[in-house]
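**Student:** predicted model and sequence below, questions to follow.
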Amino acid sequence: MTPIQTTIVGFGFSAVTFHAPLLEALPEFHVRQVVSRDAGKVHRVFPEARVVTTLDEALHDQATELVVITTPTGLHFEMAKQAIEANKHVLLEKPAVVTIEEGEALLALAEQHRVHVAVYHNRRYDGDFLTVEQLIEANEIGDWQLLESRFDRYRPVVRDRWREKQGAGSGILFDLGSHLIDQALALFGEPDELTGDVLMQRDGAETDDGFHITLHYGKRRVILRSTSFVQGPTPRFELHGTRGSYVKYGMDPQEARLASGREADGTLGEDDPEGFGHLQLAEQAAERLETLSGNYLGYYRDLADGLATGRLPVDLHDALKTMKLIEAVRKSSEDGRTICRKEWDR
């Protein structure tokens, strides 16, 4: 297979942690260009890559097939539009864009230019999520009744970074909420109703820093929540059903390992034994259940296949479903009421 000629736009934390190590490790891709103002930083990772300072300049490169956009979310729409109009495939960092209208416009434009737009919802490739997915599919805990998914942090002081400043695409609901909502949609599809509470709790907060979301699936419930004031361990997942429960503490290890500079290889997503979840079935002794291996490399392998076949691992249609729920969560929080599916399913 000829490597997919790739341009990365932006070279901050997201690009350096979640994209560069994977692209470097996979023969399916070749990073030929990076849009950045720090050539030295780029060349420490990709010594042969061409470094340019503007997207316009990068898009003049006829060989580029895929543009990976890792800039702040508020810039995604215009950058993706430019890339699509230059007949390039696009990979957008989640949650893709800021509004549903922007997403729909990109869908129409991509169809017109016969290119693909994928979205980097890598948390579908977390080992803990894959384990929960397998337990549900195998009916291991019986008929599921409640899933609680948390993404907590201890960050009581506002930091000087774009995600915590007022502006398009900032805030924890876009950042972490998009992951949790996407995972819930991947498991169960769209809910019948939802109830949301979006929070701004820290002193000096300019954007949301916490949320509590309840997704209603008939009598079943999915609870998604995040706060900036949790110090110490809390369950990442709790899955409860008619035959038992599964509780998993700790985060998937791939992000921390990539951020520490570890090479992306087949062991990257293996959970440490002390992190294995607890499975308790009715009238049986509790056991530690080995976590399935996470696989961020698998996302990019699936992307390479998808660009050829049209079956992307996560496409813009998927991302728009998440965007619609994010908007519904905000409306629910602002109005103080539960929102029915017909209000967002347009």
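**Tutor:** In hand now; what should we look at?
**Student:** got a list of what the most centrally placed residue in the chain touches?
**Tutor:** Taking CA atoms, centre = their mean as the criterion, residue 121 is the residue nearest the geometric centre of the chain, at 3.1 Å. Residue 121 is in contact with 94, 178, 179, 182, 314, 318, 319, 322, counting by CB atoms under 8 Å, 6 or more residues apart in numbering. Using the backbone N, CA and C atoms, a C-beta is placed for each residue, glycine as well.
**Student:** burial of residue 48, as a residue count?
**Tutor:** By other CB atoms under 10 Å, the residues close to residue 48 number 8.
**Student:** quick one: it is in a helix?
**Tutor:** No - remark: residue 48 does not belong to a helix; assigned using DSSP: H, G, I helix; E, B strand; the rest coil, it is coil.
**Student:** quick one, grab the pLDDT at it.
**Tutor:** Turning to residue 48, the model gives it a pLDDT of 95.
**Student:** before we move on, what about residue 133?
**Tutor:** Looking at residue 133, its pLDDT reads 98.
**Student:** close enough to count as contact, it and residue 188?
**Tutor:** No - applying CB atoms under 8 Å, one finds residue 133 not in contact with residue 188, separated by 10.4 Å.
**Student:** which residues touch residue 243?
**Tutor:** Counted by CB under 8 Å, 6+ apart, residue 243 has contacts 140, 141, 142, 143, 281, 282.
**Student:** so which elements touch the helix or strand of the chain with the lowest mean pLDDT?
**Tutor:** Ranked by mean pLDDT, DSSP states H and E, the weakest helix or strand in the chain is helix 172, scoring a mean of 90. Contact partners of helix 172 among helices and strands, from 3 or more CB pairs under 8 Å, 6 or more residues apart in numbering; DSSP states H and E: none.
**Student:** re the thing from before, selecting buried members of the contacts of residue 243 in PyMOL, what would you type?
**Tutor:** Per 16 or more other CB atoms under 10 Å, the buried members of those correspond to this PyMOL selection:
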select buried, resi 140+141+281
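**Student:** which of the contacts of residue 243 lies closest to residue 158?
**Tutor:** For the contacts of residue 243, the residue nearest residue 158 by CB to CB is residue 141; the value is 39.5 Å.
**Student:** on the three-state scheme, that closest one is what?
**Tutor:** Three-state assignment for residue 141 (three-state DSSP): coil.
**Student:** shaky segments in the stretch 1-150 of the chain?
**Tutor:** Judged against pLDDT under 70, the stretch 1-150 of the chain has no low-scoring part.
**Student:** and residue 274, that's in a helix?
**Tutor:** Yes - assessed by three-state DSSP, residue 274 belongs to a helix.
**Student:** quick one: the least confident helix or strand of the chain to chain centroid distance?
**Tutor:** How far helix 172 lies from its chain's middle: 12 Å, per CA atoms, centre = their mean, to the nearest Å.
**Student:** show me what the helix or strand just after that helix is packed against.
**Tutor:** Toward the C-terminus, helix 172 is succeeded by helix 178-188 as the next helix or strand (DSSP states H and E). Identification of packing neighbours for helix 178-188 by 3+ CB pairs under 8 Å, 6+ apart yields helix 127-137, strand 144-150, strand 210-217, strand 220-226, helix 316-335.
**Student:** pull the contacting residues for residue 312.
**Tutor:** Taking CB under 8 Å, 6+ apart, one finds 116, 118, 302, 303, 306 in contact with residue 312.
**Student:** adding neighbour count, secondary structure and distance to residue 160, write those residues out as JSON lines.
**Tutor:** As requested, the contacts of residue 312 are exported to JSON lines (neighbours: other CB atoms under 10 Å; DSSP: H, G, I helix; E, B strand; the rest coil; distance: CB to CB, whole Å):
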{"residue": "116", "neighbour count": "22", "secondary structure": "coil", "distance to residue 160": "36"}
{"residue": "118", "neighbour count": "24", "secondary structure": "strand", "distance to residue 160": "31"}
{"residue": "302", "neighbour count": "18", "secondary structure": "helix", "distance to residue 160": "36"}
{"residue": "303", "neighbour count": "25", "secondary structure": "helix", "distance to residue 160": "33"}
{"residue": "306", "neighbour count": "17", "secondary structure": "helix", "distance to residue 160": "37"}
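**Student:** just those now: which is nearest residue 74?
**Tutor:** Taking CB to CB as the measure, residue 74 lies nearest residue 118 of the contacts of residue 312, at 19.7 Å.
**Student:** good, we can wrap up now.
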